[in-house]
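Enquirer: what would the 3D arrangement of this be:
(chains A and B)
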Number of protein chains: 2
Amino acid sequence: VNDRIRDETELIQNYLAPLAAGMPGAFGLVDDAALITTEPGTDIVVSTDPVIAGVHFFSDDEPADIAWKALAVNVSDLAAKGAQPFAYTMALAFPEPPLRAWMAAFSDGLREAQTAFGCALIGGDTDTTTGPLSVGVTAFGKVPRGAMVTRSGAGIGDHVFVSGTLGDAALGLALRRSGHAFGADLADADRAFLLRRYLRPLPRLDLVPLLRRYASAALDVSDGLLKDMARLFVPGTSSLTLEIARLPLSPPARAVLASHPERIDAALAGGDDYEILFAVAPGNRTALIQACDAQAIAIQELGRLTSGVGLSVLDSDGRALAIDRTGFDHFTRQR
Amino acid sequence: VNDRIRDETELIQNYLAPLAAGMPGAFGLVDDAALITTEPGTDIVVSTDPVIAGVHFFSDDEPADIAWKALAVNVSDLAAKGAQPFAYTMALAFPEPPLRAWMAAFSDGLREAQTAFGCALIGGDTDTTTGPLSVGVTAFGKVPRGAMVTRSGAGIGDHVFVSGTLGDAALGLALRRSGHAFGADLADADRAFLLRRYLRPLPRLDLVPLLRRYASAALDVSDGLLKDMARLFVPGTSSLTLEIARLPLSPPARAVLASHPERIDAALAGGDDYEILFAVAPGNRTALIQACDAQAIAIQELGRLTSGVGLSVLDSDGRALAIDRTGFDHFTRQR
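Expert: Alright, predicted model coming up:
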């Protein structure tokens, strides 16, 4: 039996069009283009961030996880800009027509993700390629006019916060590579938590209204804290002193670090956490903290932007750490 | 000397950011997302159509031609929908960091194309891949609210037109594969014309206002006339009788057909012409023809939608042709 998808029509009608149901601008995915109907006083934020097998995920990852991540990494960019996702397009490139079971699981993962994130498929394209599987999502979010949060709005004196915990995804990646990465002592539940943080990043949509209201600048931590932190700085005129002790760590990450303290690099330079790093002017600090408390949103203050150049990292004894690996460069594929 | 691009920063700052100059929503390509500011009464049309080396172009094509095509195929989709392009994002995946000279020529080609089409770069992403070069453009066009031309609006009795000439690109592709494809008798100028039609498709933006005004349905001819024609039909209830003699052919295509009459398949099933196929209600036919005459826009009437199922093609003696190859399926990569 040939269990592979027969042609593009089967792929679209059986697996993708259901994900576009009810979206008027999707035209059932049979048109050449999608339509976005705009609303007065609303701007549209666009993120384009493909994921490629062997680069951003493993080709034998669960198809539902691949689908989730392909959408999540884009929705995370929207969230960091204070935008609420509402639609996405998807360009698929397959090395060969996928198995029906694979495609069913992939579209289930997409459905789960788009339901969680509040958006739906409106268009796309399918090709075969001589290369690896590539899933190219372009995601669209809405933001009140002028309310998009940029990278570049932070000023000297602003407080820098990060949501959630850091390093989990990098440790999860190590576990994805080898289930025994951190020895047999790591509890199964901790292992599962870290793996899931790598495989199923959760965009911080709960922060969207607060970022719009309080953040002077924001971006998601996708390439590692140190690298992404530098992107908040006014080039050449900002610095920040980061105490290692301030890094927000999950209990499973702490369990790993207890036996592998050198893996603190996961929190400093590991990518893929998709937490949000943001700056808040001094006058907004208290209101932000109170709002996050009220909504049980975990955030951690990392430090304050000061005049100067660059970033210093202090260990628990207050000594400066030498930093060599600052993050992930998708272009040169080096950490 | 290593003449390759060093890192993503060099790539963006030196080669891509200049293409985004003056676009406020592009943020100099340093942010994680782009911003589209909407206008009252205007909808946004979105096309996502990547091109991949070995599938849509040859990896040793001129970089300026690759860039042109990557944008043109998307702008063509917008034009067919009656939308005026204004912006695009681009996701690049390179097998290795490109040579600086290659990237300079690529960005020159993009600049040429975006200037010709009236749009500019607002965002994107760059990755390395283990696969072939991929250029994933998502293009945005504006259309007055409700004026987007869909595939599905044609009715029985509508007249079907196509712009320009058909088959040139498929013949150009044969010449791209072998400069001697059609023998030594083909004039150099004809050869150059056909090659250029393949390498440098020209989206029919001149038709945009007329499509909005007169077309009941439209799409671009990217997968071959017969295949794309079927997409205009109301499934199961439309037919059209196409006389071969009505196919609009360029003088260079006629020169090829004189010695290779079997290559009429280029006009029937060849892809990549990026002309626009559209339907017009009987009451609009005269006005359309007059408007095209007045603006010197070449269109050809191919036939009329009638009740029935499917498409018949008649040769010059009025005999029905057997049709086997109906067009290009990017999914199965078969013609």
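
Enquirer: show me where pLDDT drops low in the stretch 101-250 of chain A?
Expert: Judged by pLDDT under 70, the stretch 101-250 of chain A has no weakly predicted residues.

Enquirer: which single residue of it ends up nearest chain B?
Expert: A:Gly131 (1.4 Å; CB to the nearest CB). For the C-beta atoms, the positions are set from N, CA and C on the backbone; glycine is no exception.

Enquirer: how near is that residue to B:Pro252?
Expert: 34 Å (CB to CB, to the nearest Å).

Enquirer: and what of A:Thr37?
Expert: The gap separating A:Thr37 from B:Pro252 is 43 Å, by CB to CB.

Enquirer: now swap in A:Ala296 and tell me
Expert: 70 Å.

Enquirer: looking at those two, which one has more neighbours?
Expert: Neighbour count, other CB atoms under 10 Å in any protein chain shown: between A:Ala296 and B:Pro252, B:Pro252 has more, with 25 against 7.

Enquirer: do I have it right that the more buried one meets B:Asp168?
Expert: Yes: if you go by CB atoms under 8 Å, B:Pro252 and B:Asp168 touch, sitting 7.0 Å apart.

Enquirer: overlap in contacts, those two.
Expert: Common neighbours of B:Pro252 and B:Asp168 (criterion: CB atoms under 8 Å, 6 or more residues apart in numbering or on different chains): B:193-194.

Enquirer: for chain A, which segments count as helices?
Expert: Along chain A, counting by DSSP state H, helices occupy A:8-10, A:63-80, A:100-117, A:168-177, A:188-199, A:208-214, A:225-230, A:251-259, A:265-269, A:285-294.

Enquirer: distance between the fifth one and the chain's centre?
Expert: The reference is to helix A:188-199. 16 Å (CA atoms, centre = their mean, to the nearest Å).

Enquirer: same for it, what does it pack against?
Expert: helix A:63-80, helix A:168-177, helix A:251-259 (3 or more CB pairs under 8 Å, 6 or more residues apart in numbering or on different chains; DSSP states H and E).

Enquirer: return it as CSV; C-alpha atoms alone will do.
Expert: Taking C-alpha atoms only, helix A:188-199 is exported to CSV below (Å, rounded to 0.1, in the frame of the first residue of the first chain):
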residue,chain,number,x,y,z
ASP,A,188,11.4,11.5,34.6
ALA,A,189,9.1,14.4,35.2
ASP,A,190,12.0,16.9,35.0
ARG,A,191,13.2,15.3,31.8
ALA,A,192,9.7,15.5,30.3
PHE,A,193,9.3,19.1,31.3
LEU,A,194,12.6,20.2,29.7
LEU,A,195,12.0,18.2,26.6
ARG,A,196,8.5,19.8,26.3
ARG,A,197,10.0,23.2,26.7
TYR,A,198,12.2,22.5,23.7
LEU,A,199,9.6,20.8,21.6
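
Enquirer: pull out the buried positions in that helix.
Expert: With burial defined by 16 or more other CB atoms under 10 Å in any protein chain shown, the residues of helix A:188-199 counted as buried are A:190-191, A:193-199.

Enquirer: check the fourth one too.
Expert: Along helix A:168-177, these residues count as buried under the neighbour rule (16+ other CB under 10 Å): A:168-176.

Enquirer: re the thing from before, out of the helices of chain A, which is closest to B:Gly283?
Expert: Of all the helices of chain A, helix A:8-10 sits nearest to B:Gly283, with 33.3 Å by CB to CB.

Enquirer: outside of stretch A:60-70, which residues touch it?
Expert: A:50-51, A:53, A:56-57, A:90, A:102-103, A:105-110, A:112-113, A:133, A:135, A:137, A:176, A:199-201.

Enquirer: swap in stretch A:99-115?
Expert: The contact list for stretch A:99-115 (CB under 8 Å, 6+ apart) reads A:3-5, A:11, A:15-16, A:18-19, A:62-68, A:70-72, A:75, A:88, A:90, A:98, A:120-121.

Enquirer: any of those buried? List them.
Expert: A:5, A:11, A:15-16, A:19, A:62-68, A:70-72, A:75, A:88, A:90, A:98, A:120-121.

Enquirer: how close does the nearest residue to A:Gln295 once chain neighbours are set aside sit to B:Asp206?
Expert: What sits nearest to A:Gln295 in space, not counting adjacent residues and going by CB to CB, 6 or more residues apart in numbering or on different chains, is A:Asp206, at 6.8 Å. Distance check for A:Asp206 against B:Asp206: by CB to CB, it reads 48 Å.

Enquirer: in contact with A:Pro85, which residues?
Expert: Contacts of A:Pro85 (CB under 8 Å, 6+ apart): A:75, A:78-79, A:117-119, A:139-141, A:205.

Enquirer: if you set the cut-off to 7 Å instead, what comes out?
Expert: A:Pro85 makes contact with A:75, A:78, A:117-119, A:139-141, according to CB atoms under 7 Å, 6 or more residues apart in numbering or on different chains.

Enquirer: nearest to B:Pro248 among the residues you listed?
Expert: Among the contacts of A:Pro85, A:Phe140 lies closest to B:Pro248 (CB to CB), at 37.7 Å.

Enquirer: my read: the closest one touches A:Ile36, true?
Expert: Yes: applying CB atoms under 7 Å as the test, A:Phe140 and A:Ile36 come out as touching, 6.5 Å apart.

Enquirer: identify the contacts common to these two.
Expert: A:44, A:87.

Enquirer: counting neighbours, go ahead and name the busier of these two.
Expert: Ranked by neighbour count (other CB under 10 Å), A:Phe140 and A:Ile36 place A:Phe140 first, with 26 against 19.

Enquirer: pLDDT score assigned to the closest residue to that one other than its chain neighbours?
Expert: Spatially, and ignoring its direct neighbours in sequence, A:Phe140 is nearest to A:Ala87 (4.7 Å; CB to CB, 6+ apart). We have a pLDDT of 98 for A:Ala87.

Enquirer: quick one, what contacts A:Ala87?
Expert: Here A:Ala87 is in contact with A:23, A:36, A:119-120, A:122, A:140 (criterion: CB under 7 Å, 6+ apart).

Enquirer: and these, which is closest to B:Ala266?
Expert: A:Ile122 (33.6 Å).

Enquirer: what about that closest one, neighbour count?
Expert: 27.

Enquirer: check A:Gln290 too.
Expert: Around A:Gln290 there are 10 residues (other CB under 10 Å).

Enquirer: again with A:Arg212
Expert: Neighbours of A:Arg212 under the rule other CB under 10 Å: 18.

Enquirer: circling back: so how far is A:Leu166 from the residue nearest to A:Phe140?
Expert: Distance from A:Ala87 to A:Leu166, by CB to CB: 30 Å.

Enquirer: again, but for A:Phe140
Expert: A:Phe140 is 28 Å from A:Leu166, where distance means CB to CB.

Enquirer: next, the residue nearest to the spatial centre of chain A: phi, psi?
Expert: In chain A, the centroid-proximal residue (CA atoms, centre = their mean) is A:Tyr274; its distance is 3.3 Å. Per-residue torsions, A:Tyr274: phi 60, psi 30 (degrees, to the nearest 10).

Enquirer: and A:Leu92, bridged to which residues?
Expert: Beta-bridge partners recorded for A:Leu92 (DSSP bridges): A:Thr126, A:Val135.

Enquirer: check contacts around it.
Expert: Counting by CB under 7 Å, 6+ apart, A:Leu92 touches A:124, A:126, A:135.

Enquirer: which of those residues has the most neighbours?
Expert: Within those, most neighbours by other CB under 10 Å means A:Gly124, with 27 neighbours.

Enquirer: quick one: contacts for the closest residue to it other than its chain neighbours?
Expert: Once flanking residues are discounted, A:Gly124 sits nearest to A:Met90: 4.0 Å by CB to CB, 6+ apart. By CB under 7 Å, 6+ apart, A:Met90 lies in contact with A:121, A:124, A:135-137.
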